[in-house]
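1. Dropping the sequence and predicted coords here.
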Amino acid sequence: MHERLSINSACFQGAGWSRLAEAWKVLGCRRVSFVATLLDGDPSAAATVIEEGDRALETICHPFLYGHQLDADEAVITAEQGKLARTLDIAAALGSRSVFIASGGRGAFSWEQAAERFSTAIAPCLAHARAAGIALLVENTPQVYADLSIGLTLRDTVTLAEMAGVGLCVDFFSCWMEAGLEQTIARAMPRCHLIQFADYVLGDRALPARAVAGDGAIPLRRLFDCALSAGYRGTFELEQMGPRIDAEGHLPAARRAADVASEILDSLRA
């Protein structure tokens, strides 16, 4: 597997630490990531899996404001800040490079009002992350996740990151169809610490409708090349899930995707 690839635990939906450890071992990946809900039990399990496998932790996905919106009461925002601070502390202890979040939905706010609220709400967390040596990132999401995010295009997400002063996790699955994408990617790169990828087969309607990299319509080689040409020096992370992945099997699907991405990166001399 290419050294710039990371495999997110989301590729193995429902897996616990023992299954993740085995899958990451079989794949031979040295960079891994996981969702923060896996820390709800004993965080030391994460440390064991990372250290015993001689792996590097790339990022943790934290569910910021899940079940709430950006127009929530201040008490809700304060509680969410505390949860994120805990994840940041664990991330620092585990040697993670970053933590990424979705922004939270707008609620009754306009986009502009929601962006201002996000910027204010995330400010103390950003200071906490910087003190801990962790990059705090916001990701772009598909439009059907408007309850979780106001970053529903990459352009809007870059604007939000610039307003709030945070970094970017760019998800190619969520933005590959946008106009002016090459220019937006170039604009994003100074703040981009992580790029995620999967594929999409035209006509799929299930959610999440992700496919194995190389099986669908997303021009991954062109997008990888665009990011690299714009100066990206970070990791490309596989994040695929959904009915197609379940039907094939999580491990073989991840292996095929990693092989495709490795070939692309090798051909681009990344």
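-> That came in fine, so what should we check first?
2. Touching, residue 141 and residue 170? I think so.
-> No: contact criterion Cβ atoms under 8 Å: residue 141 and residue 170 do not qualify, at 11.3 Å. Placement of C-beta: from N, CA and C, glycine included.
3. which of those two has more neighbours?
-> residue 170 (27 against 21; other Cβ atoms under 10 Å).
4. what about the helix or strand where that one lies, distance to the chain center?
-> Using DSSP states H and E, residue 170 maps to strand 167-171. Distance of strand 167-171 from the chain centroid (Cα atoms, centre = their mean, to the nearest Å) equals 7 Å.
5. That one: what's the following helix or strand?
-> According to DSSP H and E, the helix or strand after strand 167-171 is helix 181-188.
6. What separation do you get for the residue nearest to residue 35 when sequence neighbours are not counted and residue 169?
-> If the residues on either side of it in the chain are set aside, residue 35 comes closest to residue 61, at 4.6 Å by Cβ to Cβ, 6 or more residues apart in numbering. Here the criterion is Cβ to Cβ, to the nearest Å. By it, residue 61 lies 9 Å from residue 169.
7. Need the residues touching each of those two.
-> residue 100 (Cβ atoms under 8 Å, 6 or more residues apart in numbering).
8. just checking, what packs against the strand holding residue 170?
-> strand 98-101, strand 135-139, helix 154-164, helix 181-188, strand 192-197 (3 or more Cβ pairs under 8 Å, 6 or more residues apart in numbering; DSSP states H and E).
9. So which bits of the longest one are buried?
-> Neighbour-count burial for helix 154-164, with 16 or more other Cβ atoms under 10 Å as criterion, is recorded at 154, 155, 156, 157, 158, 159, 160, 161, 164.
10. how about the residues you listed in CSV, adding distance to residue 120 and pLDDT?
-> Below are those laid out as CSV (distance: Cβ to Cβ, whole Å; pLDDT from 0 to 100):
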residue, distance to residue 120, pLDDT
154, 23, 98
155, 22, 98
156, 18, 98
157, 18, 98
158, 19, 98
159, 16, 98
160, 13, 98
161, 15, 98
164, 9, 98
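11. from the residues you listed, which is closest to residue 79?
-> residue 164 (19.3 Å; Cβ to Cβ).
12. Tell me how far the closest one lies from residue 149.
-> 13 Å.
13. Which residue is the nearest non-sequential neighbour of residue 118?
-> residue 103 (5.0 Å).
14. do residue 98 as well
-> residue 135 (4.0 Å).
15. Would you enumerate the residues in contact with that neighbour?
-> Residue 135 neighbours (Cβ under 8 Å, 6+ apart): 97, 98, 99, 129, 167, 193.
16. And the fifth one, how far from residue 200?
-> For residue 167, the distance to residue 200 equals 25 Å [Cβ to Cβ].
17. again with the fourth one
-> Using Cβ to Cβ, one obtains 31 Å as the distance from residue 129 to residue 200.
18. Just want to know which of those two has more residues nearby.
-> The neighbour comparison of residue 129 against residue 200 (other Cβ under 10 Å) goes to residue 129, with 25 against 22.
19. And that one, its phi and psi?
-> phi -60, psi -40 (degrees, to the nearest 10).
20. Please name the bridge partners of the closest residue to it other than its chain neighbours.
-> Counting by Cβ to Cβ, 6+ apart, residue 136 is the residue found nearest to residue 129 once chain neighbours are left out, at 3.9 Å. According to DSSP bridges, the residues that bridge with residue 136 are residue 99.
21. list the contacts for residue 136?
-> 88, 98, 99, 100, 101, 122, 125, 126, 129, 130, 166, 167 are the contacts of residue 136 under Cβ under 8 Å, 6+ apart.
22. May I ask which of the residues you listed has the most neighbours?
-> Going by other Cβ under 10 Å, residue 101 tops those with 28 neighbours.
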